[in-house]
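>>> Quick one: sequence and predicted model below, then my questions.
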Amino acid sequence: MKRRVGRLIAMASLVLAVTPGTAWAAGDIGGAGMSVGWALPFAGMLLSIALGPVLFPHLWEHHYGKFAAFWALLTLVPLFLLRGADPALGALLHTALLDYIPFIILLFALFTIAGGILISGNLHGTPATNTVLLAIGTVLASFVGTTGASIIMIRPVLRANDDRRFNVHVVVFFIFLVSNIGGSLTPLGDPPLFLGFLRGVDFFWTTKHLLPETAFAVVVLLALFYALDSFLFRKEEGFPKLKDPTPDRAIKLWGKVNILLLAGVIVAILMSANWKPGVAFTVHGVPVEGQNLLRDVVLLVLAGLSLKLTPGPIRAGNEFSWGPIKEVAKLFAGIFICIIPVLAMLQAGKAGAFAPLVGLVTNADGSANTVAYFWLTGALSSFLDNAPTYLVFFELAGGDPKALMTTGALTLAAISAGAVFMGANSYIGNAPNFMVYAIAKDRKVKMPSFFGYMLWSGAILIPLFVVQTFLFFR
C-alpha cells in the first residue's frame, strides 16, 4: 500500500511540474505558473469529506484521518520537490500559524465551553413553544457558533416534541436556522466568518452588513415554520394521544459559569482586533502578532477553565465527547494544506489557472458579479465544506479585506451569505447538520434521507434564496 502511495505521489509530481528550475522566495510558490492539476488534491479532499460519510460510513469513521493525510501528502510532497523547500515551508507555516491553528483553537474553545451548558427539563412542543425555541437557538448561534448552539438546543427541542406524531419538520427547520443561518452575524457564528476575521475583516462587519439578509431569512422561516407546525399540530388532534416519554417539568440551566467564559471568548477576540502593541514573532518569514498569540492563549485558558469548573454530569447530559473536535482538527489540517496551491493560483487572478472562474464572477465592465458570487459560493457550500469555499471566493474577489469591506462590501456580503446560508441545503453543507441528523435519528425521529432532506431544502430554501438575490445582491 505504501509503495502505491509513493508511486502515486511521484506521478503527481510529474503531472504538476510547471516551470522547473525557477527559484521562489520563502512562502512564494509561484501561483501564476501553476496548472489546474495542483488543485486536484484539494478537490479530492473535499469530495472525500462530502461522499465518505454517505457512501462508506464505517470505513470513513475509522480512517478519515488517513484520507486527510493522503491528500495532504499529495500536495506537500510535490510542493517541496518542485517549488523548493523554502517556498513550500514558508507557505505551510503561513497557513498553519496564521489560519489553521487560530481557527482550531477557537472551535476547540467554543466546542468545550458550549458542551458545558446543559438545559434540563421539558416543555410541551406547541407551535408557539417550538417557534420560541428555534428563535432562541438562532440567536445563540452567532455567539456560541452553530455547532455550540446545536449542542445546547437540539435535545430540549427533541424532548419537547417526543410525544408529537409529526416532528420531522421541527428538526429540519432547526438545521435551517440554528445549525446554519443563525450563525451569520459574528465571526463566532460559523467557521467561514472566522476565517474572514483572521484575514482582516472587522469583527462587527458581518453584524452590520448581513443583518438585513439574516433578519429577512429568519423571519420568513420562523413564520413558515409556525404556519406548518400549527397545521400539523391541529392534524394530530384526530389521532389518539401518544405517551410522553419525557413529561413536562421545569426548565433549568446548568453550567452557568460557561456563559461567563463565552463572554471571555468574545472579549479575547475583540482585544485581538483592536489592540495593536506592535509586537510580532517571526517564524521563517511568517509574522505572528503578539495580540493574536495572546488571544489564542486566552482561548485555551478559558477552555481549560470550562473543563475544570463544569461538573462531569453536566457534560454527560449533553453526551459530550471529543470525537467531533478531533475529526474537525484532522480534516481541516488536510483542507488547509491542500488549499495552499489553490489560494496561490487564485491570488494570481487572470494570470493564473483559474482565469475562467474569474470570468464567471466578473461583469463585462470588470465589476464583480455579486449574484454569481452568492450562488457559486452557496452551491459549493451546499455539498463541500463552507469554510474553504469561503476562502476560495474571498481570494477570487481580490483577498484584500480593506477593499472588500468598503468598495467591495456587496461582494463580501454575497460570499459570506452564500457560504453560511446555503450550508443548510444538504446534510453535508455544514458540520452541525449531520450531527443534528444523527442525534434526532437516535431519538427515533424518522429523519428524511440525504435526498429527502434536499427536497425540503429545495422546496423551502431555494425560493427564499432567489428572493434574497433580487432584494439584496443585485
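Looks like it came in fine. It should be emphasised that the depicted structure is a prediction, and the values quoted were computed from it without experimental measurement.
>>> Check which helices and strands the helix or strand hosting Phe111 sits against.
Secondary structure from DSSP states H and E places Phe111 in helix 101-114. Contacting helix 101-114 under the criterion 3 or more C-beta pairs under 8 Å, 6 or more residues apart in numbering; DSSP states H and E are the following elements: helix 127-160, helix 191-198, helix 257-274, helix 290-309, helix 323-347. Where you see a C-beta, it was placed from the backbone N, CA and C, and this is true even at glycine.
>>> how about 6 Å then?
helix 127-160, helix 257-274, helix 290-309, helix 323-347 (3 or more C-beta pairs under 6 Å, 6 or more residues apart in numbering; DSSP states H and E).
>>> and it, what's its mean pLDDT?
For helix 101-114, mean pLDDT rounds to 89.
>>> Is Ile119 located within a strand, as I assumed?
Yes - using DSSP: H, G, I helix; E, B strand; the rest coil, the assignment for Ile119 is a strand.
>>> Name the nearest residue to it, sequence neighbours excluded.
Pro156 (4.8 Å; C-beta to C-beta, 6 or more residues apart in numbering).
>>> try Asn292
Leaving aside its chain neighbours, Asn292 sits nearest to Ser272 (5.3 Å; criterion: C-beta to C-beta, 6+ apart).
>>> Go ahead and confirm the one you found touches Arg295.
Yes - contact criterion C-beta atoms under 6 Å: Ser272 and Arg295 qualify, at 3.8 Å.
>>> got any ranges where the stretch 201-350 of the chain has weak pLDDT?
Scanning the stretch 201-350 of the chain for pLDDT under 70 picks out the ranges 244-246, 248.
>>> ok now do the residue nearest to Asn292, which residues does it touch?
Contacts for Ser272 (C-beta atoms under 6 Å, 6 or more residues apart in numbering) come out as Gln291, Asn292, Arg295.
>>> switch the cut-off to 8 Å
Shown in contact with Ser272 (C-beta atoms under 8 Å, 6 or more residues apart in numbering): Gln291, Asn292, Leu294, Arg295.
>>> What of Val436?
By C-beta under 8 Å, 6+ apart, the neighbours of Val436 are Ser150, Ile154, Val171, Phe174, Ile175, Ser179.
>>> and the next element down the chain from the helix or strand it falls within?
Per DSSP H and E: Val436 is located in helix 431-442. In the C-terminal direction, the helix or strand that comes right after helix 431-442 (DSSP H and E) is helix 450-472.
>>> what inclination does that next one have with respect to helix 431-442?
140 degrees (axes from the mean of the first three to the mean of the last three C-alpha atoms, to 10 degrees).
>>> how about helix 450-472: buried residues?
Buried residues in helix 450-472, counted by 16 or more other C-beta atoms under 10 Å: Tyr453, Met454, Trp456, Ser457, Ile460, Leu461, Leu464, Phe465, Gln468, Thr469, Phe472.
>>> just checking, the third one touches Val171?
Put plainly, it is Trp456. No - assessed by C-beta atoms under 8 Å, Trp456 is found out of contact with Val171, at 10.1 Å.
>>> so Phe67 sits in a helix?
Yes - when classified by three-state DSSP, Phe67 is found to be part of a helix.
>>> isn't it right up against Leu51?
No - Phe67 is not in contact with Leu51 according to C-beta under 8 Å; the separation is 10.6 Å.
>>> which of these two has more neighbours?
Neighbour count, other C-beta atoms under 10 Å: between Phe67 and Leu51, Phe67 has more, with 19 against 13.
>>> now the more buried one, nearest residue through space, not along the chain?
Once flanking residues are discounted, Phe67 sits nearest to Ser48: 4.8 Å by C-beta to C-beta, 6+ apart.
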